[in-house]
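Q: Show me how the following folds:
(one chain, ligands or ions: 2)
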Amino acid sequence: MIHPTAEVSPRASIGEGTKIWHHAQVREGAIIGQHCILGKDVYIDFDVQIGDRCKLQNGVYVYHGVSLGEGVFLGPGVMCLNDKYPRAVNEDGSLKTDVDWDVLPSHIGNGAGIGGGAIVLPGVNIGSWSVVGSGAVVTKDVPDHGLVYGNPAVLVGFVCKCGRRLAHVERRDEDDLYRCPHCEQELSVPSGITRYLGLDQGGSS
Ligand SMILES: CC(C)(COP(=O)(O)OP(=O)(O)OC[C@H]1O[C@@H](n2cnc3c(N)ncnc32)[C@H](O)[C@@H]1OP(=O)(O)O)[C@@H](O)C(=O)NCCC(=O)NCCS
Ligand SMILES: [Zn+2]
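A: Residues are numbered from 1 along each chain as shown. Ligands and ions are numbered 1, 2, ... in the order given. Purely as a prediction, here's the structure:
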């Protein structure tokens, strides 16, 4: 289903069952998986790859160099950027073209959920099943199941596949055990991450 006001390049590939809503634009070379939802005013830059069952809320911008795994949620107004040191012109004053663009690739892992208005900076990778709080400016990689928020976004804990924050249960030699108070699922997090951040004492900073 592609809304008549959406502009989808004939050179983009759209998976079966994907819905594209009002005024969205999908550029050439983009590959969108199956059963995705692209909300109103979404912009997908050229060659961007998006896995199956992703939900992009209204006004999301995903730029060239960014890829999304499967089941990724991008809240309203999320921006995934690609040029860390942006300039409109080259040093000689000539307008920059795609060739002059310095793209840093980044990937958003399976099942990750990014809150509304968050900005993901160029070259930053977001782990699987992680959650980024609304309004966050993500400047560093986020580990799998990580929970980050703020500007700059800081890792404050870990989240379950169900999206709830995990409680720290036990500190072990190689890892820390977390459990979800909501659905009881357990998660092992390598101790290197938790101890460095002081997150092994109860799941929060
Ligand atoms: C990040 C988030 C998952 C945290 O939820 P939570 O674990 O239930 O956290 P709480 O609401 O208990 O807040 C805990 C602390 O974090 C702060 N906080 C929560 N979300 C925050 C955010 N996005 N940015 C900055 N601080 C935040 C709270 O103020 C609180 O601070 P305090 O301890 O000093 O009082 C949630 O607030 C969020 O941003 N979800 C995304 C919502 C969204 O954009 N959905 C899009 C679909 S419409
Ligand atoms: Zn859970």
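
Q: Give me the contacts around stretch 115-127.
A: For stretch 115-127, contacts defined as CB atoms under 8 Å, 6 or more residues apart in numbering pick out 57, 65-66, 75-84, 103-109, 112, 114, 131-146, 149, 153. For every residue, glycine as well, the C-beta is placed using N, CA and C.

Q: Now do the contacts for the spatially closest residue to R87 that is not a sequence neighbour.
A: Excluding the flanking residues, the one nearest R87 by CB to CB, 6 or more residues apart in numbering is K96, at 6.3 Å. Residues counted as contacts of K96 (CB under 8 Å, 6+ apart) are 87-90.

Q: Distance of K96 relative to ligand 1?
A: To ligand 1, K96 is 33 Å away according to CB to the nearest ligand atom, to the nearest Å.

Q: go on, C162?
A: The value you get for C162 to ligand 1, if CB to the nearest ligand atom is used, is 12 Å.

Q: wait, that residue sits on E184?
A: No. Between C162 and E184 there is no contact under CB atoms under 8 Å: 9.9 Å.

Q: Who has more neighbours out of those two?
A: C162 (12 against 9; other CB atoms under 10 Å).

Q: In three-state terms, label the nearest residue to the more buried one once chain neighbours are set aside for me.
A: Excluding its sequence neighbours, the residue lying closest to C162 (CB to CB, 6+ apart) is C183, at 4.9 Å. Following DSSP: H, G, I helix; E, B strand; the rest coil, C183 is assigned to coil.

Q: pretty sure C183 contacts L166?
A: No. Assessed by CB under 8 Å, C183 is found out of contact with L166, at 10.3 Å.

Q: who in this structure is up against ligand 2?
A: 160, 162, 164, 180, 182-183, 185 (CB under 5 Å from the ion).

Q: Widest-spaced pair of those residues?
A: Pairwise distances across the residues of the chain next to ligand 2 (CB to CB) peak at 9.5 Å, for the pair R164 and Q185.

Q: coming back round to it: quick one: common contacting residues for C183 and L166?
A: C160.

Q: and D141, how far is that from R195?
A: 18 Å (CB to CB, to the nearest Å).

Q: These two - which one has more neighbours?
A: Taking other CB under 10 Å, D141 and R195 do not tie; D141 has more neighbours (16 against 13).

Q: now that one, nearest residue through space, not along the chain?
A: N125 (4.7 Å).

Q: swap in G17?
A: H35 (4.2 Å).

Q: Go ahead and confirm the one you found touches I14.
A: No. Judged on CB under 8 Å, H35 makes no contact with I14 at a distance of 11.0 Å.

Q: Which positions in this structure make contact with ligand 1?
A: Residues of the chain lying close to ligand 1 by CB under 6 Å from any ligand atom are 75, 115-116, 131, 133-135, 149-150, 165.

Q: Try it again at 5 Å.
A: 75, 115-116, 133-134, 149-150, 165 (CB under 5 Å from any ligand atom).
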